[in-house]
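K.L.:
I'll drop the sequence and a predicted model, then ask my questions.
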Amino acid sequence: MTSTSLEAPPDGGSMIRLTEILHRSVKLRQRRFEMLPLRGQGAPFTEPHARNPSDSLPPSELADLISSMSVIGLLEPVLAEEIVVDGKAPTIRLVTGERRLRAMRWGAVNRPDNPHFAALPAVVCPGPLSEEERHMWRFVENFAREPLRPGEQAAALLYQRCAILVGKLLKAGKPVPQEVYAIPDPAERFYALEKIRGTDSACAAPWSEVLDRLGLQLNERKAGELVRAFRALPRDLTEEMDEAAVRLNTRIKFAELRNGRAQAAEGIWAALKSSKRLHLLPTAVNVGLEEPELDPEEIITEAEERQDAANAGRRAKLTRVLSSPEAQEESEDGEDDAAPSASGQDGPPEVSVAEGTSQLAPASAALSADDDPSRPAVETDTIRTALDGIRGLLVEVRAGKEIARYDRGSLRLALRELSTHLDDTPAGETDHDAMNEGSEAA
């Protein structure tokens with residue numbers, strides 16, 4: 001393998017393949033985490049010399065990074081290599097993370113009382129690293145910034161479990177053959193290591209230890225489900241499902257369907273993928289499991305019918321209005337018994353009719369929560385949560401993402417009903433005033 005072969009992420013930049021490449025390097029496998037001093041012996045050096053860290057003002061291009069580090073510290077360690085020369089103390093040379101090193105150096109000089117600038121978090125490997133190994137690490141580091149998808153999470157969990165198992169086997173005096181290290185698939189490698197372990201419980205690698213080592217906020221049941229789905233599905237299918245953002249529960253059920261009806265499962269996936277209707281996959285898998293006599297085409301047709309029925313049910317709930325005979329009788333009785341209003345006019349107050357509805361809204365809807373003590377105000381936290389969700393949706397839409405067809409319908413129905421509660425303005429307050437208050441609160 002040459003350095004030019006690593007100038008682009010292999011096979012689309014899958015984290016699974018990048019991790020496999022990383023594990024082929026003996027030096028990168030021996031990496032360790034250290035807190036390095038920023039000055040004096042043991043401090044890392046870099047080939048391209050940065051500007052003098054003793055400047056009183058932070059470099060403009062590092063100002064945001066330094067500000068973030070001063071509050072929460074350095075979250076992503078740099079990569080360094082340990083250079084050993086006979087007769088001399090080891091030196092540490094930076095491989096990736098020059099901006100982070102410059103920012104930390106500036107903070108160490110100009111903010112010596114801030115504990116976040118006391119030492120540099122670093123992943124240190126025995127050096128010197130080859131250009132290929134440097135490229136490997138840069139690719140893995142860049143892609144690690146992205147949230148891991150289920151298939152990638154499962155591979156990372158298995159690689160870490162293999163690493164723990166290898167350490168315990170070697171400590172117990174059980175050699176691990178070189179061909180086991182060379183197995184690229186993490187599930188197959190773990191199976192081979194388990195055969196070496198046999199029944200020795202002292203060498204086991206429980207999920208609790210794996211999760212603790214990785215620092216993941218994940219429970220053992222979820223870790224087991226991720227790996228179970230990863231083992232049950234072909235690697236190319238796992239990557240396709242990662243790209244399509246297929247949920248873990250759907251993967252587990254799809255694996256169950258594939259185990260009993262492989263042709264049906266493959267036919268469903270191929271048809272839905274080619275027609276860009278993968279949103280039907282969860283329903284189609286359920287139909288396939290429940291009705292084994294149906295072929296893939298019939299399963300998809302049934303899934304569409306179920307999905308349409310479910311959407312119709314949602315629409316009915318969202319558009320439900322006051323239409324029962326009892327409610328209409330109460331409304332008529334209220335009109336007969338209504339007392340004269342404060343302005344001297346007889347009858348109930350006028351009520352606006354929401355566009356697209358055939359029923360009158362209750363008269364009390366014209367009153368604000370402040371005017372009608374019997375109607376408590378919506379909790380502020382609820383409003384804030386809703387606004388945060390709407391703003392998050394707007395960010396994604398403005399970034400060019402598309403709202404799925406069924407989601408668009410659900411949003412329209414929810415907003416249409418919500419608009420009936422937003423149309424009423426308290427007495428003495430204009431819509432302009434309400435908008436100004438809302439923008440200030442936001």
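P.N.:
Yes, it's here.
K.L.:
worst-scoring helix or strand of the chain, pLDDT-wise?
P.N.:
helix 431-441 (a mean of 44; mean pLDDT, DSSP states H and E).
K.L.:
which SS state does residue 35 fall under?
P.N.:
Three-state call for residue 35 (DSSP: H, G, I helix; E, B strand; the rest coil): strand.
K.L.:
ok, residue 296 - how many residues close by?
P.N.:
The burial count assigned to residue 296 is 20, neighbours taken as other C-beta atoms under 10 Å. Where C-beta positions appear, they are placed from N, C-alpha and C, glycine not excepted.
K.L.:
which residues does it contact?
P.N.:
The neighbourhood of residue 296, defined by C-beta atoms under 8 Å, 6 or more residues apart in numbering, consists of 263, 264, 267, 268, 271.
K.L.:
what about this structure, any weak spots by pLDDT?
P.N.:
For the chain, the stretches with pLDDT under 70 are 1-25, 47-59, 132, 135-136, 138-148, 213-217, 320-375, 405-406, 423-442.
K.L.:
follow-up on the earlier one: which of the contacts of residue 296 count as buried?
P.N.:
Burial by neighbour count, judged by 16 or more other C-beta atoms under 10 Å, picks out 264, 267, 268, 271 from the contacts of residue 296.
K.L.:
taking the residues you listed together, which two end up most distant?
P.N.:
Distances among the buried ones among the contacts of residue 296 were taken as C-beta to C-beta; the most separated pair is 264 and 271, at 10.7 Å.
K.L.:
and the contacts of residue 296 as CSV, adding distance to residue 220?
P.N.:
Putting the contacts of residue 296 into CSV (distance: C-beta to C-beta, whole Å) gives the following:
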residue, distance to residue 220
263, 34
264, 32
267, 35
268, 31
271, 36
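K.L.:
show me where the stretch 101-250 of the chain has helices.
P.N.:
Using DSSP state H, counting those that start in this stretch, the helices assigned to the stretch 101-250 of the chain run over residues 131-144, 150-171, 178-181, 186-197, 207-214, 220-232, 235-243, 248-260.
K.L.:
what's the most buried one of those helices?
P.N.:
With neighbours defined by mean count of other C-beta atoms under 10 Å, none of these is more surrounded on average than helix 150-171, at a mean of 20.
K.L.:
please report how far residue 68 lies from residue 295.
P.N.:
56 Å (C-beta to C-beta, to the nearest Å).
K.L.:
just to check, residue 273 is in contact with residue 240?
P.N.:
Yes. With contact taken as C-beta atoms under 8 Å, residue 273 and residue 240 are classed as touching, separated by 7.2 Å.
K.L.:
got a markdown table for the helices of the stretch 101-250 of the chain, with distance to residue 103 too?
P.N.:
Listed next are those as a markdown table, based on distance: least, C-beta to C-beta, whole Å:
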| stretch | distance to residue 103 |
| --- | --- |
| helix 131-144 | 17 |
| helix 150-171 | 28 |
| helix 178-181 | 37 |
| helix 186-197 | 35 |
| helix 207-214 | 26 |
| helix 220-232 | 35 |
| helix 235-243 | 33 |
| helix 248-260 | 38 |
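K.L.:
in CSV, could you pull the C-alpha coordinates for stretch 196-206?
P.N.:
In CSV, the C-alpha atoms belonging to stretch 196-206 read as follows (Å, rounded to 0.1, in the frame of the first residue of the first chain):
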residue,chain,number,x,y,z
ILE,A,196,-8.7,-19.6,22.4
ARG,A,197,-10.2,-18.4,25.7
GLY,A,198,-12.4,-21.5,26.0
THR,A,199,-14.0,-21.8,29.4
ASP,A,200,-11.5,-19.5,31.3
SER,A,201,-13.9,-17.0,32.9
ALA,A,202,-10.9,-14.9,34.1
CYS,A,203,-10.1,-14.0,30.6
ALA,A,204,-13.6,-12.9,29.6
ALA,A,205,-14.4,-9.4,28.2
PRO,A,206,-17.8,-8.5,29.7
